[in-house]
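S.K.: got a sequence here, can you build the structure:
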Amino acid sequence: MQAFTHLRALAAPLEGRNVDTDQIIPARFLKKNRDELYKTYLFHDLRFDDHGAPRPDFILNRPPFQGAQILVADENFGCGSSREGAVYCLSDFGIRAILAPSFGDIFFNNCLKNGLLPIRLEAKSLAVVRQALLDSSDSNAAIREISIDLSACTVQAPGLGMQYTFTMDPFWHECLLKGVDELALTLSYASDIENFERQHHNAHPWLAS
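M.R.: This is a model prediction of the structure:
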(Lines give C-alpha, C1' and ligand atoms only; values in the text may rest on other atoms or scores of the structure.)
Protein backbone atom coordinates (compact mmCIF):
# COMPACT_ATOMS: atom_id res chain seq x y z
CA MET A 1 0.00 0.00 0.00
CA GLN A 2 1.04 3.61 -0.48
CA ALA A 3 3.14 5.12 2.29
CA PHE A 4 1.58 8.03 4.16
CA THR A 5 4.02 10.71 5.25
CA HIS A 6 2.64 14.15 4.45
CA LEU A 7 -0.54 15.23 2.70
CA ARG A 8 -1.87 18.65 1.83
CA ALA A 9 -5.21 18.33 0.10
CA LEU A 10 -8.74 19.61 -0.28
CA ALA A 11 -10.96 18.73 2.70
CA ALA A 12 -14.72 18.19 2.63
CA PRO A 13 -16.95 18.59 5.71
CA LEU A 14 -19.33 15.65 6.15
CA GLU A 15 -22.12 16.36 8.60
CA GLY A 16 -24.01 13.75 10.58
CA ARG A 17 -23.18 11.42 13.46
CA ASN A 18 -23.15 7.64 13.14
CA VAL A 19 -22.45 7.48 9.42
CA ASP A 20 -22.44 3.71 9.09
CA THR A 21 -20.77 1.39 6.62
CA ASP A 22 -24.05 0.77 4.81
CA GLN A 23 -24.19 4.46 3.98
CA ILE A 24 -20.55 4.39 2.91
CA ILE A 25 -21.19 1.40 0.60
CA PRO A 26 -24.71 -0.06 0.41
CA ALA A 27 -24.86 -3.83 0.92
CA ARG A 28 -26.03 -4.54 -2.64
CA PHE A 29 -22.61 -3.49 -3.97
CA LEU A 30 -20.56 -5.77 -1.74
CA LYS A 31 -20.46 -8.58 -4.32
CA LYS A 32 -19.14 -6.27 -7.01
CA ASN A 33 -15.57 -6.66 -8.20
CA ARG A 34 -13.11 -4.06 -7.05
CA ASP A 35 -12.56 -2.48 -10.44
CA GLU A 36 -12.63 1.02 -11.92
CA LEU A 37 -16.32 1.33 -10.99
CA TYR A 38 -15.81 0.61 -7.30
CA LYS A 39 -15.34 4.27 -6.43
CA THR A 40 -18.80 5.05 -7.79
CA TYR A 41 -20.39 3.04 -4.97
CA LEU A 42 -19.09 5.43 -2.30
CA PHE A 43 -22.05 7.05 -0.49
CA HIS A 44 -24.09 5.89 -3.48
CA ASP A 45 -27.56 6.44 -2.07
CA LEU A 46 -26.52 9.82 -0.67
CA ARG A 47 -24.64 10.97 -3.78
CA PHE A 48 -27.24 9.89 -6.37
CA ASP A 49 -31.02 10.05 -6.67
CA ASP A 50 -33.30 7.18 -7.73
CA HIS A 51 -32.52 7.91 -11.38
CA GLY A 52 -28.76 7.84 -10.89
CA ALA A 53 -28.33 11.61 -11.18
CA PRO A 54 -25.93 13.31 -8.74
CA ARG A 55 -27.64 15.05 -5.82
CA PRO A 56 -26.37 18.66 -5.99
CA ASP A 57 -26.69 19.14 -2.23
CA PHE A 58 -24.40 16.26 -1.25
CA ILE A 59 -21.07 17.64 -0.12
CA LEU A 60 -18.82 15.64 -2.46
CA ASN A 61 -20.96 16.68 -5.44
CA ARG A 62 -20.64 20.39 -4.68
CA PRO A 63 -18.01 22.11 -6.90
CA PRO A 64 -15.93 23.56 -4.02
CA PHE A 65 -15.37 20.09 -2.58
CA GLN A 66 -15.14 17.87 -5.64
CA GLY A 67 -11.85 15.98 -5.60
CA ALA A 68 -11.47 16.14 -1.83
CA GLN A 69 -8.93 13.72 -0.37
CA ILE A 70 -9.72 14.44 3.27
CA LEU A 71 -13.06 14.02 5.02
CA VAL A 72 -13.87 15.96 8.18
CA ALA A 73 -16.59 13.89 9.80
CA ASP A 74 -18.58 13.68 13.03
CA GLU A 75 -18.78 11.14 15.85
CA ASN A 76 -18.82 7.36 15.35
CA PHE A 77 -17.93 7.46 11.67
CA GLY A 78 -17.84 4.00 10.07
CA CYS A 79 -20.00 2.28 12.65
CA GLY A 80 -22.14 -0.72 11.74
CA SER A 81 -21.02 -3.83 9.92
CA SER A 82 -17.42 -4.91 9.46
CA ARG A 83 -17.44 -4.67 5.65
CA GLU A 84 -13.95 -3.86 4.37
CA GLY A 85 -15.53 -2.61 1.15
CA ALA A 86 -16.30 0.64 2.98
CA VAL A 87 -12.59 1.36 3.17
CA TYR A 88 -11.97 0.10 -0.38
CA CYS A 89 -14.43 2.51 -1.98
CA LEU A 90 -13.21 5.46 0.11
CA SER A 91 -9.64 4.72 -0.93
CA ASP A 92 -10.55 4.14 -4.59
CA PHE A 93 -12.50 7.41 -4.62
CA GLY A 94 -9.30 9.18 -3.56
CA ILE A 95 -9.86 9.70 0.16
CA ARG A 96 -6.50 9.45 1.98
CA ALA A 97 -7.49 10.58 5.48
CA ILE A 98 -10.57 10.97 7.67
CA LEU A 99 -10.77 13.28 10.69
CA ALA A 100 -13.46 12.41 13.23
CA PRO A 101 -13.99 12.48 17.01
CA SER A 102 -14.53 8.70 17.01
CA PHE A 103 -14.81 5.75 14.63
CA GLY A 104 -16.38 2.34 14.53
CA ASP A 105 -13.68 0.05 15.93
CA ILE A 106 -13.57 -2.44 13.05
CA PHE A 107 -13.73 0.32 10.45
CA PHE A 108 -10.87 2.13 12.18
CA ASN A 109 -8.68 -0.98 12.03
CA ASN A 110 -9.65 -1.68 8.42
CA CYS A 111 -8.50 1.83 7.53
CA LEU A 112 -5.09 1.24 9.09
CA LYS A 113 -4.68 -2.09 7.32
CA ASN A 114 -5.34 -0.43 3.95
CA GLY A 115 -3.30 2.76 4.26
CA LEU A 116 -6.22 5.13 4.87
CA LEU A 117 -5.35 7.39 7.81
CA PRO A 118 -8.07 7.77 10.49
CA ILE A 119 -7.36 10.64 12.88
CA ARG A 120 -9.23 11.22 16.12
CA LEU A 121 -9.61 14.85 17.18
CA GLU A 122 -11.93 16.56 19.66
CA ALA A 123 -15.55 16.91 18.54
CA LYS A 124 -15.64 20.65 19.30
CA SER A 125 -12.51 21.30 17.24
CA LEU A 126 -13.82 19.37 14.25
CA ALA A 127 -17.20 21.10 14.46
CA VAL A 128 -15.35 24.40 14.11
CA VAL A 129 -13.35 23.08 11.15
CA ARG A 130 -16.45 21.75 9.37
CA GLN A 131 -18.29 25.02 9.80
CA ALA A 132 -15.29 27.03 8.62
CA LEU A 133 -15.03 24.83 5.51
CA LEU A 134 -18.73 25.27 4.79
CA ASP A 135 -18.47 29.02 5.26
CA SER A 136 -15.45 29.35 2.99
CA SER A 137 -16.65 31.23 -0.06
CA ASP A 138 -13.22 32.27 -1.30
CA SER A 139 -12.59 31.08 -4.86
CA ASN A 140 -9.06 30.15 -3.83
CA ALA A 141 -9.24 26.40 -3.16
CA ALA A 142 -6.19 26.62 -0.88
CA ILE A 143 -8.39 28.00 1.89
CA ARG A 144 -10.15 24.64 2.00
CA GLU A 145 -6.94 22.61 2.18
CA ILE A 146 -5.78 20.71 5.24
CA SER A 147 -2.19 19.63 5.79
CA ILE A 148 -1.39 16.39 7.65
CA ASP A 149 2.13 15.54 8.80
CA LEU A 150 2.06 11.95 10.02
CA SER A 151 5.67 12.02 11.24
CA ALA A 152 4.90 14.92 13.57
CA CYS A 153 1.26 13.86 14.15
CA THR A 154 -0.06 17.31 13.31
CA VAL A 155 -3.05 18.62 11.38
CA GLN A 156 -3.02 22.15 10.03
CA ALA A 157 -5.60 24.19 8.20
CA PRO A 158 -3.44 27.12 7.03
CA GLY A 159 -6.26 29.01 5.34
CA LEU A 160 -8.44 28.66 8.43
CA GLY A 161 -5.69 29.41 10.94
CA MET A 162 -6.08 26.16 12.84
CA GLN A 163 -3.58 23.55 14.06
CA TYR A 164 -4.04 20.34 16.05
CA THR A 165 -1.99 17.39 17.25
CA PHE A 166 -3.11 13.79 17.42
CA THR A 167 -1.84 10.50 18.78
CA MET A 168 -1.46 7.14 17.07
CA ASP A 169 -0.47 3.65 18.07
CA PRO A 170 3.32 3.39 17.45
CA PHE A 171 2.96 0.12 15.53
CA TRP A 172 0.46 1.49 13.04
CA HIS A 173 2.32 4.79 12.90
CA GLU A 174 5.35 2.91 11.59
CA CYS A 175 3.27 0.79 9.22
CA LEU A 176 1.64 3.81 7.59
CA LEU A 177 4.89 5.75 7.31
CA LYS A 178 6.49 2.76 5.56
CA GLY A 179 3.42 1.83 3.55
CA VAL A 180 3.27 -1.75 4.83
CA ASP A 181 0.78 -3.98 6.62
CA GLU A 182 1.41 -6.09 9.73
CA LEU A 183 2.90 -9.03 7.81
CA ALA A 184 5.21 -6.91 5.67
CA LEU A 185 6.41 -4.95 8.71
CA THR A 186 7.15 -8.19 10.57
CA LEU A 187 9.03 -9.62 7.59
CA SER A 188 11.16 -6.48 7.43
CA TYR A 189 12.64 -7.58 10.76
CA ALA A 190 13.38 -11.12 9.53
CA SER A 191 17.14 -10.84 10.06
CA ASP A 192 16.64 -9.54 13.62
CA ILE A 193 14.24 -12.38 14.35
CA GLU A 194 16.68 -14.96 12.96
CA ASN A 195 19.53 -13.50 15.03
CA PHE A 196 17.42 -13.65 18.16
CA GLU A 197 16.42 -17.25 17.52
CA ARG A 198 20.05 -18.22 16.88
CA GLN A 199 21.25 -16.56 20.07
CA HIS A 200 18.39 -18.01 22.06
CA HIS A 201 19.16 -21.49 20.76
CA ASN A 202 22.88 -21.14 21.59
CA ALA A 203 22.05 -19.99 25.09
CA HIS A 204 19.44 -22.69 25.67
CA PRO A 205 20.32 -25.66 23.43
CA TRP A 206 18.33 -28.03 25.64
CA LEU A 207 15.09 -26.41 24.43
CA ALA A 208 15.58 -27.96 20.97
CA SER A 209 16.16 -31.49 22.31
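S.K.: only C-alpha atoms from now on, for both contacts and neighbour counts.
M.R.: Noted.
S.K.: all strands of the protein, in order?
M.R.: 6-13, 70-72, 97-100, 117-120, 145-149, 154-157, 162-165 (DSSP state E).
S.K.: now render the ones you listed as CSV, adding distance to residue 51.
M.R.: Output for the strands of the chain, formatted as CSV (distance: least, Cα to Cα, whole Å):
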stretch, distance to residue 51
strand 6-13, 25
strand 70-72, 26
strand 97-100, 29
strand 117-120, 33
strand 145-149, 32
strand 154-157, 37
strand 162-165, 40
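S.K.: and those: which comes nearest residue 106?
M.R.: Taking Cα to Cα, strand 117-120 is the member of the strands of the chain nearest to residue 106, at 11.9 Å.
S.K.: just to revisit the earlier point, can I get the strands of the chain in a markdown table with mean neighbour count?
M.R.: As requested, the strands of the chain are exported to a markdown table (neighbours: other Cα atoms under 10 Å):
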| stretch | mean neighbour count |
| --- | --- |
| strand 6-13 | 21 |
| strand 70-72 | 23 |
| strand 97-100 | 24 |
| strand 117-120 | 22 |
| strand 145-149 | 21 |
| strand 154-157 | 18 |
| strand 162-165 | 14 |
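S.K.: what's the closest of those strands to residue 41?
M.R.: It is, among the strands of the chain and with distance given as Cα to Cα, strand 70-72, at 16.6 Å.
S.K.: tell me the contacts of residue 78?
M.R.: Residues near residue 78 by Cα atoms under 8 Å, 6 or more residues apart in numbering: 18-21, 24, 86, 103-104, 107-108.
S.K.: quick revisit: between the strands of the chain, which gets nearest to residue 135?
M.R.: Once the strands of the chain are compared by Cα to Cα, strand 6-13 is nearest, at 10.6 Å.
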